[in-house]
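Peer 1: Quick one, what's the 3D model for this:
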Amino acid sequence: MRFTEMKVWKKPQELVLKVYELTKLFPKHEQYELCKRMKSVAVIAPANIAKAIEGRKMDDLRYYIGLALKNYAELDSHFAVAKGLDYLDQETLEAVQEDINSCRKLAFGFIRYRKNKNKDAEQTEHPIIRKEAA
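Peer 2: Just a heads-up that it's a prediction; the model follows:
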């Protein structure tokens, strides 16, 4: 399955679109400061998820998911700053934080899924090995 078909990647893509829509409402003087940082980190998170999905080693998965989780933390922090500057209301902040938390949960869930998948693969004998042993 391609990464573009997986919810762990799709949800962060939706978050990117939301970040772009919300930052359009920020003051013009923020377009090259806070908005630029928010857009950048929002775009990088699903890219890191894609790298994690396409990586074949568990170490790659942990590394890139770890980067995505840091991206979500940074984005969450930027939104807190935006709220403090009155660029968005409490309801909008909470909605975005909920989206960010959903992305985090999906990332952690994907790690668990891959760990379990790897364990199952290790426990299943390879058919060629079984034939040679017989």
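Peer 1: so what secondary structure elements neighbour the helix or strand containing Lys105?
Peer 2: For Lys105, the enclosing helix or strand under DSSP states H and E is helix 90-123. If contacts are counted by 3 or more C-beta pairs under 8 Å, 6 or more residues apart in numbering; DSSP states H and E, helix 90-123 sits against helix 7-23, helix 34-54, helix 58-84. The way it works is simple: take the backbone N, C-alpha and C, and place the C-beta from them, glycine included.
Peer 1: any idea how far the shortest one is from the chain center?
Peer 2: What separates the centre of helix 7-23 from the centre of its chain is 10 Å, taken as C-alpha atoms, centre = their mean, to the nearest Å.
Peer 1: circling back to that earlier point, for the helix holding Lys105, which residues meet the burial criterion?
Peer 2: 92-93, 96, 99-100, 102-104, 106-107, 110-111, 114 (16 or more other C-beta atoms under 10 Å).
Peer 1: swap in stretch 2-16?
Peer 2: For stretch 2-16, by 16+ other C-beta under 10 Å, it's Phe3, Val8, Trp9, Lys11, Pro12, Gln13, Leu15, Val16.
Peer 1: for stretch 76-84, same thing?
Peer 2: Asp76, His78, Phe79, Ala82, Lys83.
Peer 1: what do you get for stretch 50-57?
Peer 2: Ala50, Lys51, Ala52, Ile53, Gly55.
Peer 1: pLDDT-wise, what's the bottom of the buried residues of stretch 2-16?
Peer 2: pLDDT across these is lowest for Phe3, at 91.
Peer 1: measure the nearest residue to it once chain neighbours are set aside to Phe79 for me?
Peer 2: For Phe3, ignoring the flanking residues on the chain, the nearest one in space by C-beta to C-beta, 6 or more residues apart in numbering is Ile53 at 4.1 Å. According to C-beta to C-beta, to the nearest Å, Ile53 and Phe79 sit 26 Å apart.
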